[in-house]
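below are the sequence and a predicted model; questions follow.
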Amino acid sequence: MKDDRRSDRADRRADDPADLRTGNPADSRADSRADYRRVADAVAEEIRAGLLRPGDRLPPQRAFARRHGIADSTATRVYRELARRGLTVGEVGRGTFVRAAAPATAPALTEPAAGRIDLELNYPEVPGQSALLAEGLGGLLRPDALGQALRPAGTSGPPALRESAADLLARGGWRPEPARILFAGNGRQALFAAVTALVPTGGRLGVEELTYPVVKAVAARLGITLVPLAMDEAGLLPEAVADAHATAPLHALYVQPRLHNPLSRTMPAHRVEQLAEVLGRLGVPAIEDAVWAFLRDDLPPLAAYAPERTVLIDSLSKRVAPGLTLGYAVAPDDLAAGIATALRSGGWAPMRFALEAADRWQRAGTVRALVAAKQREAAVRQEIAARHLAGFAVRGEPYSYHCWWRLPRPWRADTFVAAAARHGIGVVPATAFTVGPQAPPAVRLALASPPPEALSQALTTLAALARSTPEEQIDS
């Protein structure tokens with residue numbers, strides 16, 4: 001044992017370049033201090049260059065020392081220096097890992113467009129989200145579980161995962177039949193497949209007069225005619241569906257009954273019942289977009305009122321996280337085969353890893369915790385918007401991450417969007433959502449992406465813009 005310790009000390013001396021250069025202990029210590037900084041700089045450069053990625057584990061310190069030809073004590077200093085710089089994080093019993101880069105600080109509104117604040121896209125996140133998701137994935141990273149998760153998955157998925165998905169999608173006392181659930185790579189793919197299966201080329205798809213822009217793109221790609229349907233304060237008018245169908249048959253209806261994007265409207269129960277009755281009477285199937293409906297999990301979907309007429313589309317990205325996508329289509333028996341065929345022909349089957357991750361998050365209560373946190377966060381952001389845009393014609397429900405702003409005269413949506421962009425703020429004009437030739441003078445504000453402080457600053461700037469005139473902005 002003593003010989004082993006002597007051999008180890010000899011190895012350390014031989015591996016330390018300082019010991020080879022001088023026999024002076026003071027000089028060795030000085031060189032060692034310089035060495036650890038140089039080695040730390042080299043590792044930092046590998047991280048910056050992407051050769052070491054977030055989550056990569058560094059070797060044990062002794063192995064690191066051997067690899068770099070330095071003493072164990074020098075390797076310890078290197079690891080401490082990397083941690084001090086915020087480049088790595090140590091986990092007891094697991095090792096040292098490369099840390100993900102810290103999020104960029106909120107840009108100042110006085111900066112040019114390179115520092116823009118995004119009020120165009122909505123990616124709701126809450127504090128502690130990544131840690132919560134990471135905890136739920138722990139068991140999935142075991143070799144046996146990971147091997148299962150990396151196998152192919154079909155559009156139907158295993159029965160156990162359909163049961164878990166049914167629990168995830170359940171709301172307002174409604175729970176879908178697991179056998180009716182189909183999976184896609186993301187919500188847009190599920191939507192595309194449903195439209196493809198229900199509406200032939202040249203067919204007619206009824207939509208709310210202001211609708212999700214992706215539906216417009218899908219219709220253009222498939223050669224489908226969109227039929228705009230009138231709305232009121234309660235949402236889509238059922239009689240508008242009947243009138244349009246009487247003019248020329250509708251092959252299907254696309255509708256957002258809960259937290260409509262962009263209007264943030266939610267249909268009351270009596271309106272949903274009326275719509276279900278009209279669909280049943282006319283024999284028209286509906287594609288219900290429920291991607292944002294998790295924020296109103298106290299309300300049942302249209303699919304609960306018209307289960308044999310409704311294909312419900314949902315996804316994981318807004319509810320959980322945008323980077324791990326998974327789409328759902330809950331389809332009546334007579335429509336499921338066509339949708340499954342469209343998913344397969346489009347190559348839109350889901351990743352098995354996403355299915356397994358969603359299952360674990362659902363069973364662990366992670367999804368439920370995230371939904372509750374995002375509901376609270378939506379209310380906070382709506383309060384910020386209400387405070388800064390008081391006095392304007394702005395609509396937004398407490399549970400929604402959208403605001404619909406009808407601009408004051410003489411502003412038009414296009415000129416307001418351009419003026420906002422000059423201040424480094426991105427907003428979406430009403431034309432993006434409008435089906436038909438007439439777009440209202442309005443913009444949609446997406447509240448989820450910026451930090452609350454940046455959101456407050458952006459809304460303060462937009463309010464000042466709206467109180468001015470386009471001419472004043474051009475002259476300034």
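Yes, it's here.

Pro152: how many residues sit nearby?
Counted with other CB atoms under 10 Å, residues neighbouring Pro152 total 8. All C-beta spots, glycine's among them, are computed from the backbone N, C-alpha and C.

cool, and Ala372?
Other residues near Ala372 come to 12 when the count uses other CB under 10 Å.

for the stretch of helix or strand it belongs to, packing partners?
Using DSSP states H and E, Ala372 falls within helix 366-388. With contacts defined as 3 or more CB pairs under 8 Å, 6 or more residues apart in numbering; DSSP states H and E, the packing partners of helix 366-388 are helix 129-137, helix 352-364, helix 452-467.

which SSE is immediately downstream of that helix?
Sequence-wise, the next helix or strand beyond helix 366-388 is strand 393-395, with elements assigned using DSSP H and E.

may I see the buried residues of that next one?
394-395 (16 or more other CB atoms under 10 Å).

so what touches it?
Applying CB atoms under 8 Å, 6 or more residues apart in numbering, the external contacts of strand 393-395 come out as 263-265, 385-386, 403-406, 408.

only whichever of those are buried, select them in PyMOL.
In PyMOL, a selection of the buried entries from these looks like this (16+ other CB under 10 Å):
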select buried, resi 263+264+265+385+403+404+405
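
in strands, which of the contacts of strand 393-395 fall?
Residues of the contacts of strand 393-395 located in strands (DSSP state E): 403-406.

sorry, back to before: next, the buried residues of the helix holding Ala372.
Using 16+ other CB under 10 Å as the burial criterion, the residues of helix 366-388 that qualify are 366-367, 369-371, 373-375, 377-378, 381-382, 384-385, 388.

count the residues that sit near Ala179.
By the criterion of other CB under 10 Å, Ala179 has 12 neighbours.

can you tell me the SS state at it?
helix (DSSP: H, G, I helix; E, B strand; the rest coil).

so what's it up against?
With the criterion set at CB under 8 Å, 6+ apart, Ala179 makes contact with Arg162.

thinking again about what came up before, ok, which pair from the buried residues of helix 366-388 is furthest apart?
The widest separation within the buried residues of helix 366-388, taken as CB to CB, falls between Thr366 and His388 and amounts to 32.8 Å.

so where's the stretch 101-250 of the chain shaky on pLDDT?
Segments of the stretch 101-250 of the chain classed as low confidence (criterion: pLDDT under 70) are 101-115.

give me phi/psi at the most centrally placed residue in the chain?
Nearest to the geometric centre of the chain sits Pro322, at 2.5 Å (CA atoms, centre = their mean). The phi and psi torsions at Pro322 (degrees, to the nearest 10) take the values phi -70, psi -20.

could you find the closest non-adjacent residue to it?
Spatial nearest neighbour of Pro322, chain neighbours left out: Tyr123 (4.8 Å); criterion: CB to CB, 6 or more residues apart in numbering.

the one you found looks like it's in a helix, true?
No: the assignment for Tyr123, made by three-state DSSP, is coil rather than a helix.

next, count neighbours for Ala337.
By the other CB under 10 Å criterion, the neighbourhood of Ala337 contains 12 residues.

give me the element it is part of.
Counting by DSSP H and E, the element that carries Ala337 is helix 333-345.

Tyr328 now?
Under the criterion DSSP H and E, the helix or strand holding Tyr328 is strand 327-330.

strand partners (parallel or antiparallel) of that strand?
As defined by DSSP bridges, the strand partners of strand 327-330 come to strand 181-184 (antiparallel), strand 310-315 (antiparallel).

the nearest residue to Leu324 once chain neighbours are set aside: neighbour count?
Leaving aside its chain neighbours, Leu324 sits nearest to Ala354 (5.6 Å; criterion: CB to CB, 6+ apart). Using other CB under 10 Å, Ala354 has 20 other residues around it.

can you give me the helices in the stretch 1-150 of the chain?
Counting by DSSP state H, counting those that start in this stretch, the segments of the stretch 1-150 of the chain that form helices are 2-15, 17-21, 25-48, 61-68, 72-84, 129-137, 143-149.

in the last one, what's buried?
So the one you mean is helix 143-149. Counting neighbours by 16+ other CB under 10 Å, helix 143-149 gives Ala149 as buried.

packing partners for that helix?
Taking 3+ CB pairs under 8 Å, 6+ apart as contact, the helices and strands that helix 143-149 lies on are helix 352-364.

pLDDT averaged over the helix it packs on, what's the number?
Along helix 352-364, the predicted confidence averages to a pLDDT of 92.

same deal with stretch 442-458?
Per-residue pLDDT values over stretch 442-458 give a mean of 96.

and stretch 289-296, by the same measure?
Summarised as a single mean, pLDDT over stretch 289-296 is 97.

identify the residues contacting that stretch?
Counting by CB under 8 Å, 6+ apart, the neighbours of stretch 289-296 from elsewhere in the structure are 169, 171-172, 187, 191, 212, 254-259, 261, 266, 299, 301, 303, 312-315, 317-319, 371, 374-375, 378, 399-401.

centre of the chain to it, how far?
Averaging C-alpha coordinates over stretch 289-296 and over its chain gives two centres that are 13 Å apart (CA atoms, centre = their mean, to the nearest Å).

what's the answer for stretch 264-274, then?
The chain centroid and the centroid of stretch 264-274 are separated by 26 Å under CA atoms, centre = their mean.
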